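Undergrad: Give me coordinates for this.
(one chain, ligands or ions: 1)
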Amino acid sequence: MKTDFSRQLHEFRKSAGLTQEQLAEKAGVSFQAVSKWENSQSYPDIELLPLIASALHADIDTLLGYQPDRRDITWYDEKFSSREYYWGNQFWEGAYDVFRFLPPVKPLRLLDMGCGEGQAAVFFARNGYRVSAFDISENGLRKGKNLARINQVAVDFFRADLLKYHPGRSAGELFDVIYCSGALQYLPADIRAEFIAEAKAATQVNGIHILNVFVEKPFLETPPDWETDREYFWETGELFRYYHDWKIEKMEEQIFDCTSSGVPHRHCMDVLVARKITQ
Ligand SMILES: C[S@@+](CC[C@H](N)C(=O)[O-])C[C@H]1O[C@@H](n2cnc3c(N)ncnc32)[C@H](O)[C@@H]1O
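TA: Below is the predicted model of the structure:
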């Protein structure tokens, strides 16, 4: 019988685009050993787990099929558990700015942070970008992988927590595009500066960041589906200030209607497209 570990290992290895030989090389073992792990015939030495998890962009808990605590299950994870896609096939229109400001004339490396069910990530991959995408929601990632399979594109989906994720430490080259829609409100104010500095450092010269953040306004009510214990509004202009040393391609504040959760409400959102000009 397949164990959680063998199933997860197989799935994560496939989505990382690694053969058993390649994973074996990274872990310093024979490919027969990897094959045995995937067939539930043996387990790796416990000391190898960090190496394996990092090669697969996974965390050890997920590889072992362990969910530490219900607090890790977000509101979105519940929503994403249904068969239907929460936002259908839609994604933020800012995704089109990726094409406008950095067209895929070569396979550019793009990171989608807080990718949800993967609609935008798959859209980028279909249009020639080399996409890595992460979210904290297992259900979102599962649906993203399914969407990628249906569209016959490769997307490196992996589970990560925005609060613990270090873009600079992700394997391989720098990113050309970092895209994040509707997720930066999960960063508490005191860790934003460090997070953004690291994301900027992990970006190629001429690369871009396309981001939006929810902004608090005294004339707008808190949205009904706002998770007050884990979502934190930004201030007007706060996002832009972190990019004072990049070329600002677009900087906008938008107020718009929304019916997510079934209750009509309004959001205020700061939108940024910024380009790295020098190292
Ligand atoms: C408003 S949705 C946006 C999803 C997607 N970017 C889109 O535009 O459709 C917010 C996303 O942030 C994810 N999220 C919440 N907390 C997170 C965290 N700590 N780390 C990573 N993702 C998180 C949720 O699971 C959800 O997918």
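
Undergrad: looking at the chain, which helix or strand does the model trust least?
TA: helix 60-63 (a mean of 79; mean pLDDT, DSSP states H and E).

Undergrad: So which other helices or strands are in contact with that helix?
TA: helix 4-15, helix 49-55 (3 or more C-beta pairs under 8 Å, 6 or more residues apart in numbering; DSSP states H and E). Every residue, glycine included, has its C-beta placed from N, CA and C.

Undergrad: which parts of the shortest one are buried?
TA: Buried positions in helix 49-55, judged by neighbour count with 16 or more other C-beta atoms under 10 Å: 49, 51-53, 55.

Undergrad: Of these, just say which sits nearest to the ligand.
TA: residue 53 (16.6 Å; C-beta to the nearest ligand atom).

Undergrad: re earlier: could you give the mean pLDDT of the next helix or strand after the least confident helix or strand of the chain?
TA: Scanning forward in sequence from helix 60-63 by DSSP states H and E, the next helix or strand is helix 75-79. The average pLDDT for helix 75-79 rounds to 90.

Undergrad: Run the contact check for helix 75-79 versus the ligand.
TA: Yes: looking at helix 75-79 against the ligand by C-beta under 6 Å from any ligand atom, the contacts come from residue 76.

Undergrad: do whichever helix or strand comes after that helix and the ligand meet at all?
TA: For helix 75-79, the following helix or strand on the C-terminal side (DSSP H and E) is helix 95-101. No: judged by C-beta under 6 Å from any ligand atom, helix 95-101 stays clear of the ligand, getting no closer than 8.3 Å.

Undergrad: ok, now stretch 197-214?
TA: No: judged by C-beta under 6 Å from any ligand atom, stretch 197-214 makes no contact with the ligand; its nearest approach is 8.8 Å.

Undergrad: Show me what from the stretch 101-250 of the chain comes close to the ligand.
TA: 114-116, 120, 135-137, 140, 161-163, 181-183, 186.

Undergrad: Among these, find me the one that's closest to residue 263.
TA: Top of the list for closeness to residue 263, among those and by C-beta to C-beta, is residue 182 at 17.2 Å.

Undergrad: Reformat the buried residues of helix 49-55 as JSON lines; add pLDDT.
TA: JSON lines is the format used below for the buried residues of helix 49-55 (pLDDT from 0 to 100):
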{"residue": "49", "pLDDT": "91"}
{"residue": "51", "pLDDT": "86"}
{"residue": "52", "pLDDT": "91"}
{"residue": "53", "pLDDT": "86"}
{"residue": "55", "pLDDT": "87"}
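
Undergrad: The least confident helix or strand of the chain and the ligand in contact?
TA: No: legend: contact between helix 60-63 and the ligand by C-beta under 6 Å from any ligand atom is lacking; minimum distance shown is 12.9 Å.

Undergrad: From residue 95, how far out is the nearest residue to residue 102 once chain neighbours are set aside?
TA: In space, and not counting its chain neighbours, residue 102 is closest to residue 208: 5.2 Å by C-beta to C-beta, 6 or more residues apart in numbering. Distance of residue 208 to residue 95, given as C-beta to C-beta, to the nearest Å: 12 Å.

Undergrad: higher neighbour count, those two?
TA: A direct count of neighbours by other C-beta atoms under 10 Å for residue 208 and residue 95 places residue 208 higher, at 28 against 19.

Undergrad: Sounds good, over and out.
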